[in-house]
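Engineer: got a structure for you, letters missing:
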């Protein structure tokens, strides 16, 4: 296999696309789309996002003022809405209204839930740090709000029903999720047993 | 749409699966699989991972000692290897050898590249913080190593060739990526123009 060194760049592929929402100083809902997102703690459950801090970002300002935000998971059916929330600025227009999205105040944190998102995480800011061009914001998840339609009988989220949006900056596009290719933990445990048998 | 509040937990779905590798104090290569990973800065390119800091994690110890690590992207064909590196401990066995993976020293940072990974990012630790159960480690990407087979003519990574592994903790499984559902930026800009036309 011939290895090649690529031009240095932020290789964003693949990454989960999320919509982050927060109230501004006037109580209006801001939202922006980003793909710099990860789960960052199991106990308590936390998520971390990174937002460009070198540019004028209205949602970033609102998150820092309110110390709260909501993570919404857009589905592949909301690709137009999600992409628009990523290219337009909240300083210039009411982005959510422009694309027909509505909000309700979250139950636990003071931030807006986008009603049309099938899955939302209510988060309280617990840590921030700026590294490079972006500010990393860690939020403790205080509530998880899911549409009944995306849950199985055990109350777990079913990705085939959520149909989350995967971002691929290498090809500047969005993808859906694919088929199951293996079980987590069971696959590795089987390998472990087979290796123990060989020793 | 009926919304339901779920039992609080770390909702890891979907997330990119990566293999993190580092040299231990004896110069041996450690590696572990995780799905708490994101790109965290464009300029300079940085990535952030979160590793459980409440448990004995050999790779975490090695990363902190060496201040360097490599992010490898396993493909769906390496699901057994990747899952094994996530369930077994480096204190008990040479995990990489167990599953036939080999390493070479990275060119820029002092960390091992797993030769069989089609895409690797050489990273230098620039920030760490522990929030909740996990330590968040931000690394500046110093080099990107890709197999020629996964690149297009412009030198960009093609996900259909990389075939990255998506982790879904809700259903405890791995998925592949799906089909393209839209263009990034172009989709949003079209919506923007159509809204401007209506105003």
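Structural biologist: That came through fine. Here the structure is a predicted model, which means the values were calculated and not measured.
Engineer: mind listing the strands for chain A?
Structural biologist: For chain A, strands defined by DSSP state E occupy the ranges A:3-6, A:15-16, A:18-23, A:29-34, A:37-41, A:46-52, A:68-72, A:103-105, A:112-114, A:119-131, A:134-147, A:166-168, A:173-183.
Engineer: what would those look like in a markdown table with mean neighbour count?
Structural biologist: The way it works is simple: take the backbone N, C-alpha and C, and place the C-beta from them, glycine included. Formatted as a markdown table, the strands of chain A follow (neighbours: other C-beta atoms under 10 Å in any protein chain shown):
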| stretch | mean neighbour count |
| --- | --- |
| strand A:3-6 | 14 |
| strand A:15-16 | 24 |
| strand A:18-23 | 26 |
| strand A:29-34 | 26 |
| strand A:37-41 | 26 |
| strand A:46-52 | 25 |
| strand A:68-72 | 27 |
| strand A:103-105 | 16 |
| strand A:112-114 | 24 |
| strand A:119-131 | 21 |
| strand A:134-147 | 22 |
| strand A:166-168 | 25 |
| strand A:173-183 | 19 |
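Engineer: Quick one, grab the pLDDT at the nearest residue in space to residue A:24 that is not next to it in sequence.
Structural biologist: Excluding its sequence neighbours, the residue lying closest to residue A:24 (C-beta to C-beta, 6 or more residues apart in numbering or on different chains) is residue A:62, at 4.5 Å. Residue A:62 is assigned 96 on the pLDDT scale.
Engineer: same thing with the one 5 residues further on?
Structural biologist: Residue A:67 is assigned 98 on the pLDDT scale.
Engineer: got the contact list for it?
Structural biologist: For residue A:67, the contacting residues are A:124, A:125, by C-beta atoms under 8 Å, 6 or more residues apart in numbering or on different chains.
Engineer: Kindly recompute the last result at 6 Å.
Structural biologist: By C-beta atoms under 6 Å, 6 or more residues apart in numbering or on different chains, the residues touching residue A:67 are residue A:125.
Engineer: Residue A:44 too?
Structural biologist: Here residue A:44 is in contact with A:140, B:132 (C-beta under 6 Å, 6+ apart).
Engineer: Need the strands of chain A in TSV (columns: distance to residue B:129).
Structural biologist: Formatted as TSV, the strands of chain A follow (distance: least, C-beta to C-beta, whole Å):
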stretch	distance to residue B:129
strand A:3-6	29
strand A:15-16	21
strand A:18-23	20
strand A:29-34	20
strand A:37-41	10
strand A:46-52	10
strand A:68-72	19
strand A:103-105	30
strand A:112-114	28
strand A:119-131	6
strand A:134-147	8
strand A:166-168	25
strand A:173-183	30
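Engineer: Could you find the closest non-adjacent residue to residue A:57?
Structural biologist: Nearest in space to residue A:57, with sequence neighbours left out and distances taken as C-beta to C-beta, 6+ apart, is residue A:51 at 5.7 Å.
Engineer: neighbouring contacts of the biggest helix by length in chain A?
Structural biologist: For chain A, the longest helix by residue count, based on DSSP state H, is helix A:186-198. Applying C-beta under 6 Å, 6+ apart, the contact partners of helix A:186-198 are B:80, B:83, B:84, B:86, B:87, B:88, B:98.
Engineer: Please state the offset of it from the chain centre?
Structural biologist: Computed by C-alpha atoms, centre = their mean, to the nearest Å, the chain-centroid distance of helix A:186-198 equals 34 Å.
Engineer: Across the sheet, point out what pairs with residue A:34.
Structural biologist: Beta-bridge partners for residue A:34, by DSSP bridges, are residue A:18.
Engineer: Let me know the pLDDT of it.
Structural biologist: We note a pLDDT of 97 for residue A:34 in this prediction.
Engineer: now do residue A:199
Structural biologist: Per-residue confidence (pLDDT) for residue A:199: 72.
Engineer: Same check on residue A:56?
Structural biologist: With respect to pLDDT, residue A:56 has a value of 86.
Engineer: what's it sitting at in phi/psi?
Structural biologist: Per-residue torsions, residue A:56: phi -80, psi 110 (degrees, to the nearest 10).
Engineer: What number of residues are in the vicinity of residue A:152?
Structural biologist: A count of nearby residues for residue A:152, using other C-beta atoms under 10 Å in any protein chain shown, gives 11.
Engineer: ok, back up a step: so which of the strands of chain A is nearest residue B:157?
Structural biologist: Closest to residue B:157 of those, according to C-beta to C-beta: strand A:3-6, at 7.9 Å.
Engineer: What pairs with that closest one, parallel or antiparallel?
Structural biologist: strand B:134-147 (antiparallel).
Engineer: and the partner strand, how far out from the chain's middle?
Structural biologist: With C-alpha atoms, centre = their mean, you get 8 Å for strand B:134-147.
Engineer: Fine by me, thanks again.
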